[in-house]
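In: below are the sequence and a predicted model for it; my questions follow.
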Amino acid sequence: MGLELYYSGFVDLTSTRSVGFSLGPISLLKMIEYCEAVEIEGEQREDFLWLVSRLDAKYLDWSANRAKSV
């Protein structure tokens, strides 16, 4: 509850990843640009950057583990 902003930001930003042999992380610059575009400021921006980067790290771990098991 109340985390929709962060989850929708993660979903929107997931398409900005670099893709090579494996998925790359979402760029901090892209996260900041997203915050600018949707007017996320102050402490909410700090929270957004922290939460989305942690969510992204967990997603990358999950994705790597899934690729190993296939």
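Out: Arrived safely. Residues are numbered from 1 along each chain as shown.
In: and Asp61, how many neighbours?
Out: By other CB atoms under 10 Å, 10 other residues sit near Asp61. Placement of C-beta: from N, CA and C, glycine included.
In: distance of it from Ala67?
Out: 11 Å (CB to CB, to the nearest Å).
In: how about the backbone phi and psi for Leu3?
Out: Backbone torsions for Leu3, taken as degrees, to the nearest 10, come to phi -110, psi 10.
In: mind pulling up the pLDDT for it?
Out: Looking at Leu3, its pLDDT is 91.
In: any idea how far Gly2 is from the residue lying closest to it once chain neighbours are set aside?
Out: Excluding the flanking residues, the one nearest Leu3 by CB to CB, 6 or more residues apart in numbering is Leu51, at 7.8 Å. Going from Leu51 to Gly2 by CB to CB gives 11 Å.
In: now do the buried residues in the lengthiest helix in the chain.
Out: Across the chain, the longest stretch assigned as helix under DSSP state H is helix 42-69. Buried residues in helix 42-69, counted by 16 or more other CB atoms under 10 Å: Arg45, Phe48, Leu49, Leu51, Val52, Leu55, Asp56, Tyr59, Leu60.
In: list the contacts for the second one?
Out: Phe48 makes contact with Leu5, Tyr6, Gly9, Met31, Cys35, Ile40 under the criterion CB atoms under 8 Å, 6 or more residues apart in numbering.
In: was I right about the second one contacting Leu49?
Out: I take that to be Tyr6. No. Using CB atoms under 8 Å, Tyr6 is not in contact with Leu49; the gap is 9.9 Å.
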